[in-house]
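[1] just to be clear, the model below is a prediction. Sequence and coordinates:
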Amino acid sequence: MFSGFEFVVIFIILILGLGVGIFVGKKLKFLSKETHINITSTIKEILPVSEFACLVYHYRDVVKHKDKEKILSWLTAPFTGKKAIYTIDGTVKLGFNGKEIKIKTSYNNIVVYMPKITILSHEMHPETFELYDEQTGLFSKYTLKDANDIELERKNEIESKITKNIDLFRQARESANQQFASLLENLPGIKGMYSIVFEWPPLTVEN
């Protein structure tokens, strides 16, 4: 049996041990939180905060256009038929808004939640225009408005095809993963301590 003095000593030791444990626990929790904040801040400084193009898609489009002026919905006007066949190059940039990137640390992983990839820009290059065939009617010539209307229609058709091309969006994701991983994995406090994990929204035909 413990004497009264020994009991008091043991009680004091237990109280001190409990206090030290609570202090150390809070300190570790604070350091862990501080480390998390530092890592998050460091990553945010590296990642883009505006639009980021992760894939540039170049194409050459063959445009075949044919049209006739109509007097009525079922009657075409004579000598107004026109058609053209030409090629033109274009560039589509796929990417996302960097402000939408979210970051979370989980054990030894840094999870980077990536936003949906979309078409950032689509440009046709008039300097690459090559005309292969053109026929116009006596009262029907191609105008600048015709060219703009045809270009807008073709742009919409091309973008519709691109948004349904899952492989193209998959390439864009892989490109972003490689570029960001090479940057993040070598940052101080991350290299050798954390693994970078990228999480993307579900990839669908509509993207």
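    Arrived safely, thanks for sending.
[2] just confirm G189 is within a strand.
    No - counting by DSSP: H, G, I helix; E, B strand; the rest coil, G189 falls outside a strand, being coil.
[3] neighbours of it, just the number please.
    With neighbours defined by other C-beta atoms under 10 Å, the count for G189 comes to 11. C-betas here are computed from N, CA, C, even on glycine.
[4] same thing with N109?
    Count around N109 with other C-beta under 10 Å applied: 12.
[5] got the confidence number for it?
    According to the prediction, N109 has pLDDT 88.
[6] just the one 5 residues further on next, same as before
    M114 is assigned a predicted lDDT (pLDDT) of 95.
[7] now swap in F180 and tell me
    For F180, the predicted pLDDT is 90.
[8] check which element follows the helix or strand where it lies along the chain.
    Assigned by DSSP states H and E, F180 belongs to helix 166-184. Next along the chain after helix 166-184, taking DSSP H and E as the criterion, comes strand 195-199.
[9] can you pull the buried residues of the helix holding F180?
    Residues of helix 166-184 classed as buried: 168-169, 172-173, 175-177, 180, 184 (neighbour count, 16 or more other C-beta atoms under 10 Å).
[10] can you add distance to D149 and give these back as a markdown table?
    Output for the buried residues of helix 166-184, formatted as a markdown table (distance: C-beta to C-beta, whole Å):
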| residue | distance to D149 |
| --- | --- |
| L168 | 27 |
| F169 | 29 |
| A172 | 30 |
| R173 | 34 |
| S175 | 34 |
| A176 | 35 |
| N177 | 40 |
| F180 | 40 |
| L184 | 46 |
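[11] among these, which pair sits farthest apart?
    Among the buried residues of helix 166-184, the pair separated by the greatest distance (C-beta to C-beta) is L168 and L184, at 24.7 Å.
[12] excluding its backbone neighbours, what's nearest P115?
    Leaving aside its chain neighbours, P115 sits nearest to E100 (3.7 Å; criterion: C-beta to C-beta, 6 or more residues apart in numbering).
[13] the domain parsing of the protein - what is it?
    Per automatic domain parsing, the structural domains of the chain span 1-46, 49-199.
[14] buried deepest among the ones you listed, which one?
    domain 49-199 (a mean of 14; mean count of other C-beta atoms under 10 Å).
[15] what's the closest non-adjacent residue to G90?
    Using C-beta to C-beta, 6+ apart and skipping residues adjacent in sequence, the residue nearest G90 is M124, 4.5 Å away.
[16] in what helix or strand does that neighbour lie?
    Using DSSP H and E, M124 falls within strand 118-135.
[17] is C54 in a helix, a strand, or coil?
    strand.
[18] does it really touch P115, like I thought?
    No - C54 lies out of contact with P115 (C-beta atoms under 8 Å); the separation is 11.2 Å.
[19] quick check, pLDDT for the closest residue to L184 other than its chain neighbours.
    Spatial nearest neighbour of L184, chain neighbours left out: I196 (5.1 Å); criterion: C-beta to C-beta, 6+ apart. On pLDDT, I196 comes in at 90.
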